[in-house]
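A.B. asks: Next comes the sequence, and after it the predicted model I'd like to discuss.
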Amino acid sequence: MYKASIIINPALPTGLLANAVACITSGLFVEGNDLVGEEILGKDITFIPITKIPILILKPGKTPLVDLCRRAQKMSLKYMAFTKEAQTTTSYSEYRKRVEGKSIDAVTLMGLGFVGPEEQINSLTGNLPMLR
């Protein structure tokens, strides 16, 4: 079974926090056809697909986001890094200019998302506190 976790900076204002979670989720599941359900026809509405797996929203606790990202890379997990550079632009082309060719240490991480086998996700994020 697969699982996803999103780790987000809890100090973000509510609107920016929600935006970051939405962006991370869209990045994680952009090619996740086996992780996303199919359209469901209702009586007078079509329900768009949602994920078939749990998505936990967590806080980083004492673990720096960059460390979590590096651990996910070593575990070969699918991950999505969301940066301040992305959240402070008004166009994708501007975002691209800000981050292209930069290392993870040269950007400001606001949140991360991971998707993979449940055991690996639990190993990486199982000790992190829930966002409440």
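C.D. replies: Received, thanks. Residues are numbered from 1 along each chain as shown.
A.B. asks: Most distant residue from the centre of the protein?
C.D. replies: What lies farthest from the middle of the chain is K43; by Cα atoms, centre = their mean that is 33.0 Å.
A.B. asks: Correct me if wrong, but that residue is in a helix.
C.D. replies: No. Looking at K43 with DSSP: H, G, I helix; E, B strand; the rest coil, it is coil, so not inside a helix.
A.B. asks: how far away is it from C23?
C.D. replies: Going from K43 to C23 by Cβ to Cβ, to the nearest Å gives 33 Å. C-betas here are computed from N, CA, C, even on glycine.
A.B. asks: cool, E85 as well?
C.D. replies: Taking Cβ to Cβ, one finds E85 at 12 Å from C23.
A.B. asks: And T90, by the same measure?
C.D. replies: T90 sits 14 Å away from C23 when distances are taken as Cβ to Cβ.
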